[in-house]
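Asks: Here's my sequence, what's the structure:
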Amino acid sequence: MLYLDPASPTISSARTIHHQYMRCYVNKKIGEPACSNAGCIICTSGIRPVSRLKVSIKTFLLRDNNIDKILIGDPSTLQKTNIFFWNEMLPTMNLSKIYPYLIDFSAENLKKKSVNFQSEYKLINPFVKQLNSIFNYKWFNSNTNVIYSSYKLCQKLDRYTCTYCNRSYTSTVITEAKKTVIRPTLDHWFPESKFPLLAISFYNLIPSCSSCNSSVKGAGIQLLNKYIHPYVDQTQSEDFEFDYGYTSLRGFRIFVNDTSNGNRQGFKAKNTIEAMYIDEVYNSNISELRDMITIQRNYSLGYIDKMQKMLRSKMSKEEVYRLLFGVIYDQNNFHKRPLSKFKKDILKKLGMLAEM
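Replies: Coordinates of the predicted model:
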């Protein structure tokens with residue numbers, strides 16, 4: 001798990017641009033006037049407002065800067081705003097009871113449900129449909145969208161590996177002809193299926209690999225007081241460490257240890273590691289572990305110093321480290337190379353980094 005620092009210039013700039021475009025998009029969808037920029041490509045586009053928009057939805061969005069809170073509010077603000085929205089739209093229903101009705105059922109599947117379910121669904125589903133149109137992730141995620149899209153957001157975020165596992169490259173590639181090629185998947189930390197209001201919220205779109213997004217995390221609800229949020233928990237990379245041991249059945253095995261000394265952050269890190277199956281997933285990297293153990297067995301602890309002298313260059317130890325092990329030493333830049341956190345932790349265990 002890698003921290004996404006909201007104060008970093010790269011992320012701050014991406015957030016500003018996301019807000020600029022998506023604010024105008026939402027305004028168009030709810031029938032509000034164009035912005036003051038006469039050349040705004042969103043406001044001058046053919047995006048159409050939602051048909052027969054519910055007055056209650058529009059009133060909520062235009063009050064208390066709620067559009068801005070939804071688009072660029074921090075994760076805690078997103079969670080609160082979502083609760084306020086549904087409490088106002090459906091004051092007689094508890095939010096937890098609303099979740100089953102947020103799925104878009106076909107007419108055929110709806111008939112299989114109880115009469116009571118059908119009645120509640122017909123009450124709630126119109127709100128969901130309008131939210132899906134206003135905060136339209138499909139529009140934002142389309143690779144044919146040349147105005148502003150998930151590709152452009154990922155390009156601005158400039159992240160190279162998965163935020164959750166740091167095992168896979170997640171680079172963004174857009175050709176000079178502006179053809180979109182690849183990008184990270186964007187995981188909805190608050191799942192889109194249960195939080196349609198937050199479908200295009202900046203802090204709800206986590207650049208990740210497809211395995212973590214689809215196969216591992218899926219649509220499970222992640223509570224802020226229980227799990228790590230990449231944009232919130234600054235020490236998440238320090239609250240756990242990789243270790244290894246030897247078992248007679250499998251040979252070497254990788255472990256993940258809690259290093260938080262029992263504090264609340266460690267509790268969140270432990271929950272998240274278990275929910276994301278980090279321990280199990282990393283045991284597919286046994287070959288990387290064996291390579292590092294082989295180096296430790298065959299070279300002295302001054303290996304990096306010796307290699308630095310042998311290269312006869314002005315390279316720093318960090319640069320030699322990157323050349324030798326193919327990863328980044330500085331944890332702020334772990335995202336630039338896969339397995340950076342894992343290899344640094346294991347190399348420390350092996351005593352290979354004592355001199356750095």
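Asks: May I ask which helix or strand encompasses Ile57?
Replies: helix 55-62 (DSSP states H and E).
Asks: swap that for Ile273, please
Replies: Judged by DSSP H and E, Ile273 forms part of helix 264-275.
Asks: quick one: stretch 95-110 to chain centroid distance?
Replies: How far stretch 95-110 lies from its chain's middle: 26 Å, per C-alpha atoms, centre = their mean, to the nearest Å.
Asks: what's the first-to-last distance across that stretch?
Replies: End-to-end distance of stretch 95-110 (C-alpha to C-alpha, to the nearest Å): 21 Å.
Asks: Find the centremost residue of this protein, please.
Replies: Most central in the chain under C-alpha atoms, centre = their mean is Ile206, positioned 1.6 Å from the mean C-alpha point.
Asks: Test my guess that it contacts Cys162.
Replies: No: the pair Ile206 / Cys162 is not scored as a contact, 9.3 Å apart, by C-beta atoms under 8 Å. To be clear about C-beta, it is placed using only N, CA and C from the backbone, and glycine gets the same treatment.
Asks: Distance from the helix holding Ile273 to the middle of the chain?
Replies: Helix 264-275 has its C-alpha centroid displaced from the chain centroid by 16 Å (C-alpha atoms, centre = their mean).
Asks: Please apply the same query to stretch 214-232.
Replies: Distance of stretch 214-232 from the chain centroid (C-alpha atoms, centre = their mean) equals 9 Å.
Asks: Just give the number of residues close to the nearest residue to Phe325 once chain neighbours are set aside.
Replies: With sequence-adjacent residues excluded and distances taken as C-beta to C-beta, 6 or more residues apart in numbering, Phe325 is closest to Lys343, at 5.5 Å. When counting by other C-beta atoms under 10 Å, one arrives at 27 neighbours for Lys343.
Asks: So which bits of the least confident helix or strand in the chain by mean pLDDT are buried?
Replies: The helix or strand of the chain with the poorest confidence is helix 303-311; it has a mean of 75 (mean pLDDT, DSSP states H and E). Of the residues in helix 303-311, Tyr303, Ile304, Met307, Gln308 count as buried by neighbour count, 16 or more other C-beta atoms under 10 Å.
Asks: Could you list every helix and strand in contact with it?
Replies: Where contact means 3 or more C-beta pairs under 8 Å, 6 or more residues apart in numbering; DSSP states H and E, helix 303-311 is packed against helix 317-325.
Asks: what's the model's confidence in the helix it packs on, averaged?
Replies: Mean pLDDT, computed over helix 317-325, is 85.
Asks: tell me which element Glu108 falls in.
Replies: Assigned by DSSP H and E, Glu108 belongs to helix 107-111.
Asks: For Phe255, see how far away Thr247 is.
Replies: Thr247 sits 10 Å away from Phe255, taking C-beta to C-beta, to the nearest Å as the criterion.
Asks: neighbour-wise, which of those two wins?
Replies: Neighbours of Thr247 and Phe255, each counted by other C-beta under 10 Å, are more numerous for Phe255; the result is 12 against 8.
Asks: unless I'm mixing things up, the more buried one is touching Glu241, no?
Replies: No: using C-beta under 8 Å, Phe255 makes no contact with Glu241, being 9.3 Å away.
Asks: Poorly predicted segments of the protein, please.
Replies: Scanning the chain for pLDDT under 70 picks out 218-221, 248-250, 260-266, 300-301, 312-313, 354-356.
Asks: show me where it has strands.
Replies: Applying DSSP state E to the chain gives strands spanning 173-174, 180-182, 185-188, 205-208, 240-247, 251-258.
Asks: Need these in CSV (columns: distance to Leu339).
Replies: What follows is those, written out as CSV (distance: least, C-beta to C-beta, whole Å):
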stretch, distance to Leu339
strand 173-174, 21
strand 180-182, 20
strand 185-188, 19
strand 205-208, 16
strand 240-247, 10
strand 251-258, 11
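Asks: Can you say which of those strands is nearest to Gln130?
Replies: Nearest to Gln130 among the strands of the chain is strand 185-188; the distance by C-beta to C-beta comes to 18.6 Å.
Asks: what does the closest one rub up against?
Replies: Strand 185-188 has contacts (C-beta atoms under 8 Å, 6 or more residues apart in numbering) with 141, 150, 153-154, 164, 170, 195, 198-199, 204-210, 212-214, 217.
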